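# got a predicted structure here, sequence first:
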Amino acid sequence: MQTPLKIAFREMPRSDVLEARIRDKAAKLEEFYPRINSCRVVVEERERHRRQGKQFSVKLDIRVPGHEVIVDRDHDEDVYVALRDAFDAAKRKLEDVARLQRGDVKTRRPA
């Protein structure tokens, strides 16, 4: 990555374990797609109702040459599941970007 990974926690305390998991997942994304320019991760605990458990949101903003990949995932109870789902979605989107850049995706010609 050209710029260092940025991690932010909103409405929740900072966690070393969670931050280490985020850094590990970001490193795996960079192994998969080495041309990542920057990556921002925001983990947020949302406002909760009396009868519901904690609600977490994970947002990723990944910039690669010519594209920006944005992922937003919510999960009701487990921040680690939300984190896993967000990084899995980011990997799928990066796969699509890689296909576009290689020219594997055909485009229709206007009639």
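It's in. Numbers count the residues shown, from 1 in each chain.

# secondary structure class for Phe87?
helix (DSSP: H, G, I helix; E, B strand; the rest coil).

# right, I mislabeled it, should have said Pro34
coil.

# now do the contacts for it.
Contacts for Pro34 (CB atoms under 8 Å, 6 or more residues apart in numbering) come out as none. The C-beta positions use only the backbone N, C-alpha and C, and glycine is treated the same way.

# for it, give its distance to Glu44.
Separation of Pro34 from Glu44 (CB to CB, to the nearest Å) stands at 29 Å.

# list the contacts of Glu11.
Glu11 makes contact with Glu44, Glu45, Arg46, Glu47 under the criterion CB under 8 Å, 6+ apart.

# what's near enough to touch Ile62?
Leu29, Ile36, Ser38, Cys39, Arg40, Glu68, Val69, Ile70, Val71, Ala90, Leu94 are the contacts of Ile62 under CB under 8 Å, 6+ apart.

# name the SS class of it, please.
Per three-state DSSP, Ile62 ends up strand.

# and the residue positioned nearest the centre of the chain, what is it in contact with?
The residue lying closest to the centre of the chain (CA atoms, centre = their mean) is Leu60, at 3.4 Å. Residues in contact with Leu60, defined by CB under 8 Å, 6+ apart, are Cys39, Arg40, Val41, Val69, Ile70, Val71, Asp72, Ala86, Phe87, Ala90.

# adding distance to Pro13 and pLDDT, write those residues out as CSV.
Converted to CSV, the contacts of Leu60 look like this (distance: CB to CB, whole Å; pLDDT from 0 to 100):
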residue, distance to Pro13, pLDDT
Cys39, 22, 94
Arg40, 20, 96
Val41, 16, 96
Val69, 28, 93
Ile70, 26, 94
Val71, 23, 95
Asp72, 22, 91
Ala86, 20, 94
Phe87, 22, 94
Ala90, 25, 95
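
# looking at those residues, which is nearest Arg99?
Val69 (13.2 Å; CB to CB).
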